[in-house]
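Participant: Below are the sequence and a predicted model; questions follow.
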Amino acid sequence: MSDKPDFQVEVTDEQVAFFKENGYLSIERITTDEEVEWLKGIYDKLFGERLGEKDGGYFDLAGKIGHDGRDVLPQVLGPERHFPELRDTIYYRNARHIASKLFGRDEDTLTAGGHMILKPPHYGAETPWHQDEAYWPEEILPLSVSAWMPLDPATAASGCLHFVPGSHRDHIHHHEHINHDPSIHGLFTEEVDVSKAVACPLAPGGATFHHCRTLHFAGPNTTPNPRRAYIVVVNAPPQRLETPLVKPWLQAEREALAKLGKKIG
Ligand code: NI
């Protein structure tokens with residue numbers, strides 16, 4: 001976007017301390033209303049045209065890869081590949097800036113990449129409880145923070161995020177694919193004390209941040225409106241492990257995708 005105003009969001013020491021203690025943080029505002037409106041146009045084009053589907057950049061997170069019929073939880077990976085100007089948005093810049101404060105790392109040492117998850121009106125599926133780290137390859141120990149910004153009101157009824165405070169200090173829980181079907185990319189874990197969960201409703205242009213190990217969940221969308229969310233994952237340099245972690249769900253998915261002749265990425 002050209003002519004965009006300088007809109008840098010700062011987090012306070014208290015907010016940084018809250019994130020360190022709880023593994024998540026909710027902020028009221030990360031970009032302008034104007035930018036949210038502009039992003040909706042790009043978002044709707046990506047999902048309307050299923051951009052990147054052939055290369056594994058568009059798929060249904062809660063359905064079998066390559067299935068026919070309507071997508072219940074469509075996801076776009078790497079929207080910046082199609083619209084490089086996304087990297088120059090107020091949202092993207094603030095996500096990187098705030099993440100650097102949450103990590104206590106210099107911004108220059110961080111990389112970032114986006115994805116988008118849509119919950120269509122009425123039938124958008126839930127995103128079951130999981131840790132993002134469960135998706136990472138076995139030999140990598142990531143240090144990442146995800147910024148999550150809705151373009152529509154995110155409420156408990158439309159699929160706002162819920163977190164288990166302090167769960168970023170847990171180990172990596174055992175995960176399974178949705179419906180126990182490794183041809184479905186979405187993962188879930190049953191090792192969650194949901195009585196501790198905190199819902200984070202947000203207005204459009206607000207954002208939550210969560211650590212890659214924090215347990216989180218988003219309910220189905222039961223409202224007549226879409227719930228569009230744009231996520232920017234900000235990464236500190238990951239650690240490469242000599243002894244890979246045990247994540248049998250990843251191997252199961254690799255085998256299922258090889259059989260289908262599909263890929264994700
Ligand atoms: Ni997640």
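Facilitator: Okay, I see it.

Participant: Please enumerate the strands of the stretch 1-150 of the chain.
Facilitator: Listed from the start of the chain, the stretch 1-150 of the chain has strands (DSSP state E, counting those that start in this stretch) covering 24-27, 58-60, 74-77, 111-119, 127-130, 140-150.

Participant: Could you dump those strands into CSV with mean neighbour count added?
Facilitator: Any C-beta I mention is one placed from the backbone N, CA and C, and that applies to glycine too. Rendered in CSV, the data for those read as follows (neighbours: other Cβ atoms under 10 Å):
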stretch, mean neighbour count
strand 24-27, 23
strand 58-60, 22
strand 74-77, 21
strand 111-119, 21
strand 127-130, 22
strand 140-150, 22
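
Participant: just so I know, which of those strands lies nearest Gly265?
Facilitator: Checking these against Gly265 by Cβ to Cβ gives strand 74-77 as the closest, at 6.7 Å.

Participant: Partner strands of the closest one and their direction?
Facilitator: Strand pairing for strand 74-77, determined by DSSP bridges: strand 58-60 (antiparallel), strand 111-119 (antiparallel).

Participant: and that strand, how far from the chain's centre?
Facilitator: Taking the mean C-alpha point of strand 74-77 and that of its whole chain, the gap between them comes to 10 Å (Cα atoms, centre = their mean, to the nearest Å).

Participant: how distant is the worst-scoring helix or strand of the chain on mean pLDDT from the center of its chain?
Facilitator: Every helix and strand in the chain was compared by mean pLDDT, DSSP states H and E; the lowest is strand 58-60, with a mean of 89. From the chain centre to the centre of strand 58-60 is a distance of 14 Å (Cα atoms, centre = their mean).

Participant: So what's the residue count around Gly265?
Facilitator: Here the number of neighbours of Gly265 (other Cβ atoms under 10 Å) works out to 8.

Participant: Now for it: which residues touch it?
Facilitator: Applying Cβ atoms under 8 Å, 6 or more residues apart in numbering to Gly265 gives the contacts 55-57, 77.

Participant: contacting residues around the residue nearest to Phe18 when sequence neighbours are not counted?
Facilitator: Nearest non-adjacent residue to Phe18, counting by Cβ to Cβ, 6 or more residues apart in numbering: Leu25, 5.8 Å away. Contacts were defined as Cβ under 8 Å, 6+ apart; by that measure Leu25 touches 11, 15, 18-19, 102, 208-210.
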